[in-house]
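> My questions concern the predicted model and sequence given below.
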Amino acid sequence: MIVSTKGRYALRIMLELAMHEGEGYLSLKEISTRQNVSMKYLEQITTLLNKADLLKSQRGPQGGYRLSKAPRDYTIGEILRAVEGRLAPISCLESEHNLCPRQEDCLTIGFWEGLYRVIDEYTDSVTLADLLGGR
């Protein structure tokens, strides 16, 4: 499993919003400048985060984005899954049901399933607040 730039930037966006929680909405331009990420790429990522109900958005001159809940209520796992999909370490575990034709004969599937559980458990045990140092 490799987290793409989209996943890494999603975390940066969410952390930026968490650091400015309570200050109202942040514009994409502000986030773009602070995080040195193109507006076009931010738009793609915020669309995914918004669809997952992780953000609140507002249009207009005072508009932008803000968190929809407190930083302690976001897990890193839910943020990454919103933009990356499942965090499976191998392709045959990416869908709900393993469709691999070799599943019955695969001697390594138990290892991969265990690794997948560890990835999910770890990413779901860390919150935005944890990354901010308890802010």
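Looks like it came in fine. Numbers count the residues shown, from 1 in each chain.
> can you give me the strands for the protein?
With strands called from DSSP state E, the chain shows them at 55-58, 64-67.
> closest one to residue 92 among these?
Closest to residue 92 of the strands of the chain is strand 55-58 (CB to CB; 32.2 Å). The C-beta positions use only the backbone N, C-alpha and C, and glycine is treated the same way.
> can you list contacts of the closest one?
Under the contact criterion CB atoms under 8 Å, 6 or more residues apart in numbering, strand 55-58 has outside partners 17, 25, 46, 49, 50, 63, 64, 65, 66, 67, 68.
> picking up where we left off before, among the strands of the chain, which comes closest to residue 95?
Nearest to residue 95, of all the strands of the chain, is strand 55-58, at 26.8 Å by CB to CB.
> List the buried residues of the closest one.
Buried residues in strand 55-58, counted by 16 or more other CB atoms under 10 Å: residue 55.
> I'd like the average pLDDT over that strand.
Mean per-residue pLDDT for strand 55-58: 92.
> now that strand, how far from the centre of its chain.
Relative to its chain's centre, strand 55-58 lies at 16 Å (CA atoms, centre = their mean, to the nearest Å).
> Ok, stretch 103-121 next?
22 Å.
> Tell me the buried residues within the contacts of strand 55-58.
Using 16+ other CB under 10 Å as the burial test, the contacts of strand 55-58 include 17, 25, 46, 49, 64, 65, 66, 67, 68 as buried.
> Among those residues, which one sits closest to residue 88?
Nearest member of the buried ones among the contacts of strand 55-58 to residue 88, counting by CB to CB, is residue 49, at 20.6 Å.
> Not counting its neighbours along the chain, what's nearest the closest one?
Nearest residue to residue 49 in three dimensions, chain neighbours excluded: residue 55, at 4.9 Å (CB to CB, 6 or more residues apart in numbering).
> Phi, psi for the residue nearest to residue 94 when sequence neighbours are not counted please.
Spatially, and ignoring its direct neighbours in sequence, residue 94 is nearest to residue 88 (4.7 Å; CB to CB, 6+ apart). Dihedral angles of residue 88 (phi, psi; degrees, to the nearest 10) stand at phi -70, psi 140.
> now the helices: where do they sit in this protein?
Under the criterion DSSP state H, helices of the chain are mapped to 5-19, 28-35, 39-51, 76-84, 109-125, 128-131.
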